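**Student:** Return a 3D structure for these sequence lines:
(chains A and B)
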Amino acid sequence: MNHLSSLFGLLLQETSNDRLSTAIEGIKHPDLSKFLVIAAILFIIGVAGVLTRRNIIVIFMSIELILNAANLNFIAFSRYLQDTGIGAPVSGQVFTVFIIVVAAAEAAIGLGIVIALYRNRETIWIDEIDLLKW
Amino acid sequence: MYKFIWLVPLLPLVGAAINGIFGRWFRFSEKLISGIAVGSVALSFLISVAAIYSYGFSGNQLWPNPYVTTQGTFTWIPAGTVNQTLGQAAQDAKQQIIVMIDGQPVPVSTAARGALLNIDWSYQLDPLSAVFMLIVTGVGLCIFVFATGYMHGDAGFYRFFAYMGLFMFSMLVLVMGSNFVMMFVGWEGVGLCSYLLIGYYFNRDEAANASRKAFITNRIGDFGFMLAVFAVIATFGSAQYTNVISQAASYPVEALGHWGLMSWIALGLMIGACGKSAQFPLHVWLPDAMAGPTPVSALIHAATMVTAGLYMLTRTNVIFQHSQTMMLVVALVGAFTAIFAATIGITQNDIKKVLAYSTVSQLGFMFLACGVGAFIIGIFHVLTHAFFKALMFLGAGSVIHGMHHEQDMRRMGGLRKYMPYTYWTFLAGWLAICGIIPFSGFWSKDEILWRTASTTIVPIGWLLWIVGTIAASCTAFYMTRLVAMTFWGREKFREKLAGGEADEAHAHAFAIGAKPHDARLEAAGDRPRHEPGEHVGPIHETVEEHQEAHDEHEHGAHIPHESPSSMWVPLAVLAILATVGGFVGVSTAFTGGRLVGGRLNIVNWMAPVIWTPHAETFFGTKQGTQPPEPTVPEGTDGELARGPSGFNLAHAMESKLGERLTEFLFIGISLVAAGIGMALGGLFYVWRPALADTWSERLGPLYRTSYHKYWIDEFYGWAFTRRTMDLARGVFAFDSKVVDGGVNGSAWLTRLSSLLTGGTDKYFVDGLVNAIGNFVVRLMSPIVRAAQTGFTQNYALVMVMGLLIAVAFYLFKSF
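**Tutor:** The predicted model follows:
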């Protein structure tokens, strides 16, 4: 449970008694955990949306959430590596830009498909579109 | 110079290779081709002359050693050890040695004596090969020069001279080789070239068939020759002439009627000689071989190749002389062939066929000479015959050329006026072959008849002499007939329409608008093609006029013309040789019993290579002064082994009239015989031409028998060709019925079995698999199908769950 102990520590946000020292500590040893937690939450919300919502548009939006969770991770790690001086920090940010571009393109195509689908089947409820059934 | 004799065969081969390989690629001109061919042969001739001069006449003591060259010699077939399983070597091996083993006598047989057989490629210069080298290169040179004129304008000019050069090479290897295997190579080489050259006009059935016939007939003879060569190697452990001949000289003479080893070897050699030299019963190919171009007939089928059998007989005269049986066989075959072919020659109408049968007949004379022990005289006749027969063939070629591709003598006549050179040279050949003193043929033929009458080698010399004299008379008759029909009498080419295929070709060439006499495209007869545009007959200005002349049957008088100088100059050279060539062997009767001329006398020149029981030196080796007595096989008369007894015509007359008078008497008889033949020929074909037809009708059956060549071809066709065809048909039937039946049956069985296995596979195995598959599908599909809901989110859920499991596995992997 060693892995989880730090995770839980992050989740519970044990309040430190000395905020200043904590801030200095934070500058000295950059902490990723907050970003990762937020990204994980975003991801989980996205996944839950994809799995539960029936409206395709909403599912799209949930996918965007998942992508943005990944973006957040990239930025965070980029900054972390920048601070610690390990590796090539800019590549993460560049990647993010790419993901945004690809997401925009994907959204455009996806919406196009949705419109085509609606014209054909007059619905965007995903449980009514069971073409993959055997 | 004798060291360079390896060049003699090589030069024609090089010339032939250049002509044959590059002649077509680079489109050599006729002048270049003939320059290469004639030049190479001329160079060979000069080297031969120089070598023979330095060998025999320059006083460097080489003569009469059989000289084997040192240059250009190499071990050709290193055969290693051979077991001598025949002859004395085998006799030695059979002697058992008694060895004492543990106190018991045990016989031990020694192994057969082995010999190291290394067959050299080396050339041998001795009196016999010298004569043949001169004949082959000298007469060959004349014929090559003639051929450049005769073949002028032929599309295959380069091919012709390539074959001819190859022939010269093969023939020179045959006569100059120092062992039996080289002789065999040359033997087969000349056979091949003969085949190629007879079939030179291969687009004519006649020539193609004749070439096949010649080749196949020769194969029969070659088979005997091969067996004899093997027997020689097995007996003497060597193929080198010097070894074989010196060993063979020590073998006992086999008496008449006894078939010992020497007789069997000699029989094999004789069969080979019969095939190559066209002796009965293998003579049938030679007359057909006249389908080849005329220079080929002159070179191969008159002067050189057909005398290869005589060369072999003389080369192996030791072996033949050790078998009295085979000597008699040779003499009988020769005498019979001489008269047999001569009687056929009387009635033939094709000028070349007459000459062909004449050649067969003359070869018979040569065999007769060898058979009665006069090998030198046989070679002498080879020499003179090469001169006069080559001359007559070339003369006939000139006539054919001048007569516009016409070979039938019934359409000739009166050519004397138009072809003077050909006529006068032909006359020399005619007198020579008839045996008129002092032309060359007289000396050799008369000597053959004399030796036949006075022989002590075979018992029935007097009968052979009578046969030979009658044959000589027939020779004179048909040759006179040939000359009379061709050169004398009415100009029949004016009366009789030429017709025939030659003229059809001519007419056709006109009809298709070709130039006059350009019958090149049309194959007809053995012909030289005329130069395009060359016109030798009356000139028709236009095609229509020509056509009209054809239609009105006025056409046909193609006036003969004399041949160009490249053709008549060789004729003149050969005519001189045919006239004076006999003086190398002047009969001793005219010179008081002495052999004059020293080594220039052929008898003196050749004596060292001929074995006689009393010879002091033989083949370069000194023999003991005591000749080996012929051992007499048990149960035979002692006299028989030493020499045949019985009636001997010449000796009987000598005892009454004296030696000298008897010889002159025989000379007189042969001259009278020739004279009778010529007189009859003159009577029938010059003075009373009507008599010929009268008598041919009166002697109808005889005439037809002769005209149809004793139906030998028909008999062979029935007895051998048909039977072979029947056999082939039988074998074919067996093949198609039994063998093919078996194959087809097995194929049918395979089909049946594959049908069965295929059915089993299709209906049983596949059925089972399908049934199981169906069952499984029907059973499982409702269950598995339920997983596919079609809802996207279900699939996404599965993905997420998989992701969670993967993450969980990663996180909890420490468990």
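**Student:** can we go C-alpha only for contacts and neighbour counts from here?
**Tutor:** OK.
**Student:** Could you tell me whether residue B:563 really is in a helix?
**Tutor:** No. Looking at residue B:563 with DSSP: H, G, I helix; E, B strand; the rest coil, it is coil, so not inside a helix.
**Student:** so where is the chain shaky, pLDDT-wise?
**Tutor:** Looking at chain A here, since you left the chain open. For chain A, applying pLDDT under 70 flags the ranges A:1-19, A:22-23, A:25-30, A:87, A:134.
**Student:** I was thinking of chain B, sorry if that wasn't clear
**Tutor:** Short version for chain B, where the test is pLDDT under 70: B:67-72, B:89-99, B:101, B:106-114, B:495-558, B:613-646, B:814-815.
**Student:** need the longest helix for it.
**Tutor:** Across chain B, the longest stretch assigned as helix under DSSP state H is helix B:205-236.
**Student:** Next, the contact list for residue B:178, please.
**Tutor:** B:68, B:120, B:121, B:122, B:123, B:124, B:240, B:241 (CA atoms under 8 Å, 6 or more residues apart in numbering or on different chains).
**Student:** Go through those residues and single out the one with the most neighbours.
**Tutor:** residue B:123 (30 neighbours; other CA atoms under 10 Å in any protein chain shown).
**Student:** what's the closest non-adjacent residue to that residue?
**Tutor:** In this structure, residue B:123 finds its nearest non-sequential neighbour in residue B:177, 4.7 Å apart by CA to CA, 6 or more residues apart in numbering or on different chains.
**Student:** gap between the one you found and chain A?
**Tutor:** 95 Å (CA to the nearest CA, to the nearest Å).
**Student:** Tell me if I'm right that that residue and residue B:126 touch.
**Tutor:** No. The pair residue B:177 / residue B:126 is not scored as a contact, 10.7 Å apart, by CA atoms under 8 Å.
**Student:** sec struct for the residue of chain A found nearest chain B, please.
**Tutor:** The minimum distance from chain A to chain B, using CA to the nearest CA, falls at residue A:133 (3.6 Å). Here residue A:133 is recorded as coil under three-state DSSP.
**Student:** Do a quick rundown of the helices in chain A.
**Tutor:** Going by DSSP H, chain A shows helices at A:2-12, A:19-28, A:33-52, A:56-84, A:90-121.
**Student:** out of those helices, nearest to residue B:257?
**Tutor:** Nearest to residue B:257, of all these, is helix A:90-121, at 117.8 Å by CA to CA.
**Student:** now the closest one against helix A:56-84, angle please.
**Tutor:** Compare the direction of helix A:90-121 with that of helix A:56-84 by axes from the mean of the first three to the mean of the last three CA atoms, to 10 degrees and you get 180 degrees.
**Student:** Spell out which parts of chain A neighbour chain B.
**Tutor:** A:3, A:47, A:50-52, A:126-127, A:129-134 (CA under 8 Å from any CA of the partner chain).
**Student:** In PyMOL, how would I select just the buried ones from those?
**Tutor:** Per 16 or more other CA atoms under 10 Å in any protein chain shown, the buried members of those correspond to this PyMOL selection:
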select buried, chain A and resi 47+50+51+126+127
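**Student:** need the residues of chain A next to chain B in CSV with distance to residue B:423, can you?
**Tutor:** Listed next are these as CSV, based on distance: CA to CA, whole Å:
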residue, distance to residue B:423
A:3, 131
A:47, 125
A:50, 124
A:51, 125
A:52, 128
A:126, 122
A:127, 123
A:129, 119
A:130, 117
A:131, 114
A:132, 113
A:133, 114
A:134, 112
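**Student:** of all the residues of chain A next to chain B, which comes closest to residue B:88?
**Tutor:** For those, the nearest to residue B:88 is residue A:134 (102.7 Å; CA to CA).
**Student:** So what's the gap between the host helix or strand of residue B:715 and the chain middle?
**Tutor:** Applying DSSP states H and E as the criterion places residue B:715 in helix B:712-716. Mean C-alpha position of helix B:712-716 versus that of the full chain (CA atoms, centre = their mean, to the nearest Å) differs by 20 Å.
**Student:** Repeat that for stretch B:138-158.
**Tutor:** Here stretch B:138-158 is found 20 Å from its chain centre; the criterion is CA atoms, centre = their mean.
**Student:** Which pair in the contacts of residue B:178 has the greatest spatial separation?
**Tutor:** Of all pairs in the contacts of residue B:178, the most separated under CA to CA is B:121 and B:241 at 12.6 Å.
**Student:** Show the contacting residues for residue B:391.
**Tutor:** Taking CA under 8 Å, 6+ apart, one finds B:298, B:425, B:426, B:429, B:571, B:574, B:575, B:578 in contact with residue B:391.
**Student:** which residues of the stretch 1-150 of chain B fall in helices?
**Tutor:** Here the stretch 1-150 of chain B has its helices, by DSSP state H, counting those that start in this stretch, at B:7-25, B:30-56, B:87-94, B:127-134, B:140-150.
**Student:** Helices - which of the contacts of residue B:391 land there?
**Tutor:** B:298, B:425, B:426, B:429, B:571, B:574, B:575, B:578.
**Student:** Most proximal residue of chain B with respect to chain A?
**Tutor:** residue B:790 (3.6 Å).
**Student:** Identify the residue spatially nearest to that residue, adjacent ones excluded.
**Tutor:** Nearest non-adjacent residue to residue B:790, counting by CA to CA, 6+ apart: residue A:133, 3.6 Å away.
**Student:** can I assume the one you found is in contact with residue B:791?
**Tutor:** Yes. Counting by CA under 8 Å, residue B:791 is a contact partner of residue A:133 at 7.3 Å.
**Student:** what residues are up against the residue of chain A closest to chain B?
**Tutor:** Listed by CA under 8 Å, 6+ apart, the contact set of residue A:133 reads B:788, B:789, B:790, B:791.
**Student:** One more pass at 10 Å, please.
**Tutor:** Each residue near residue A:133 by CA atoms under 10 Å, 6 or more residues apart in numbering or on different chains is listed here: B:785, B:786, B:787, B:788, B:789, B:790, B:791, B:792.
**Student:** Please list all residues in contact with the most centrally placed residue in chain A.
**Tutor:** Centroid-nearest residue in chain A, with CA atoms, centre = their mean: residue A:69, separated by 1.1 Å. By CA under 10 Å, 6+ apart, residue A:69 lies in contact with A:35-46, A:63.
**Student:** Tell me the helices and strands packed up against the helix or strand encompassing residue B:312.
**Tutor:** Using DSSP H and E, residue B:312 sits in helix B:308-315. Using 3 or more CA pairs under 10 Å, 6 or more residues apart in numbering or on different chains; DSSP states H and E as the contact test, the elements touching helix B:308-315 are helix B:127-134, helix B:157-176, helix B:180-198, helix B:261-276, helix B:317-321, helix B:351-371, helix B:375-402.
**Student:** Need the CA coordinates for it. PDB is fine.
**Tutor:** Provided in PDB are the C-alpha atoms of helix B:308-315 (Å, rounded to 0.1, in the frame of the first residue of the first chain):
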ATOM      1  CA  ALA B 308      40.900 -45.100 -97.300                       C
ATOM      2  CA  GLY B 309      40.000 -48.800 -97.300                       C
ATOM      3  CA  LEU B 310      43.000 -49.500 -99.400                       C
ATOM      4  CA  TYR B 311      45.200 -47.400 -97.100                       C
ATOM      5  CA  MET B 312      44.000 -49.500 -94.200                       C
ATOM      6  CA  LEU B 313      44.600 -52.800 -95.900                       C
ATOM      7  CA  THR B 314      48.100 -51.800 -96.900                       C
ATOM      8  CA  ARG B 315      48.800 -50.300 -93.400                       C
END
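**Student:** List the buried residues in it.
**Tutor:** So helix B:308-315, judged by 16+ other CA under 10 Å, has buried residues B:308, B:309, B:310, B:311, B:312, B:313, B:314, B:315.
**Student:** Report the distance from that helix to the chain centre.
**Tutor:** Distance, centroid of helix B:308-315 to centroid of chain: 13 Å (CA atoms, centre = their mean).
**Student:** For the biggest strand by length in chain B, buried residues please.
**Tutor:** Secondary structure of chain B read by DSSP state E shows that its longest strand is strand B:74-83. By neighbour count on 16+ other CA under 10 Å, the buried set for strand B:74-83 is B:82, B:83.
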